[in-house]
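**Q** Okay, here's the prediction I keep looking at, along with the sequence it came from:
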Amino acid sequence: MFYSTELLKGTLKTIILKLLADNKKMYGYEITQKVKELTMDKIQITEGALYPTLHALEADGLVTTETEFIGKRVRKYYSLSPTGKAKAKEKVKELASFIETMVSLLDIKPKMA
Amino acid sequence: MYCISDEQLDFILHDLVARGIETESLRYDLLDHVCVIIEQELGEGEDFEACYTSAITTFYKQELREIEEETRLLLTCRHHLVLTRNMFFLLLFAIFLGPFIAYPYAWVVSHGGVTKWNLPFEVWGASLIFSLFPMLVLLVLFFTPDRLDPVIPWRSKVLIGIRPLIKIVPVA
């Protein structure tokens, strides 16, 4: 099952911030693959959503970039700034609370393993 | 693993520019991303251009320019109020119509309330006449959404804030 774009839109920043918090520094392609791997292909971040969000996070001072040359081409690694680390914790906490509220609101029974 | 040559790298860079990716850092992000995909998917002796075309078309819905526009929109709208085209026109005409609608009521209140409902014709007449034109324009805007509008294109976003006060961002 794939999730709708509307559902993912509100959580994309949180996903990216959490991944960067767990992996120190990542480049764009690596982020998309990590999300696919962790969600067993259920969530696929598109390039059209990923890069505008990364650039917005950079402009907000939440992520910093460093470049590395792979032959002639440039690879940009994204990592969290000190503000970004605090923001990542805050966003994950907010999302967890939101999920709890939705579970209670929609009367969703958690699956037993 | 396939290794992309410098000529192929230049080809991709030129193509990204031609497809509307003007921001340099975004261009380098996309260049690296598409190169990684090609290096993983292209086998020896396979067609590079066909592989590139199939990879790059997965990046967008209609045009690659969408990524550039979305990036610019997110960067610009951080300190701006983002309105759709219809919301902007609604706000604009509310500002124009508001005084005409509010003035008669303010007049009634300041002249003793509804018991003395004797507004002069000038007030009602002027309100009615001056509000007709903006009303008419508003109706045209809402009922003919697909007409050519050179000032604010259909589906564009209007950003209101400081520096610039009003900015129109076309969204694909």
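**A** In hand now; what should we look at? Not measured: the values here are computed from a predicted model.
**Q** Just give me the longest helix of the chain.
**A** Answering for chain A, as no chain was given. helix A:82-105 (DSSP state H).
**Q** sorry, should have said chain B
**A** Longest helix in chain B, counting residues (DSSP H): helix B:85-110.
**Q** can you list contacts of the next helix or strand after that one?
**A** Downstream of helix B:85-110, the next assigned helix or strand under DSSP states H and E is helix B:121-143. Residues from elsewhere that reach helix B:121-143 (CB atoms under 8 Å, 6 or more residues apart in numbering or on different chains): B:86, B:89, B:90, B:93, B:96, B:97, B:100, B:101, B:103, B:104, B:107. C-betas here are computed from N, CA, C, even on glycine.
**Q** JSON lines for the residues you listed, including pLDDT and neighbour count?
**A** Below are the contacts of helix B:121-143 laid out as JSON lines (pLDDT from 0 to 100; neighbours: other CB atoms under 10 Å in any protein chain shown):
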{"residue": "B:86", "pLDDT": "82", "neighbour count": "14"}
{"residue": "B:89", "pLDDT": "82", "neighbour count": "18"}
{"residue": "B:90", "pLDDT": "83", "neighbour count": "15"}
{"residue": "B:93", "pLDDT": "79", "neighbour count": "16"}
{"residue": "B:96", "pLDDT": "78", "neighbour count": "16"}
{"residue": "B:97", "pLDDT": "77", "neighbour count": "16"}
{"residue": "B:100", "pLDDT": "74", "neighbour count": "18"}
{"residue": "B:101", "pLDDT": "75", "neighbour count": "12"}
{"residue": "B:103", "pLDDT": "76", "neighbour count": "15"}
{"residue": "B:104", "pLDDT": "72", "neighbour count": "15"}
{"residue": "B:107", "pLDDT": "75", "neighbour count": "14"}
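**Q** got a list of what residue A:85 touches?
**A** With contact taken as CB under 8 Å, 6+ apart, residue A:85 is in contact with residue A:21.
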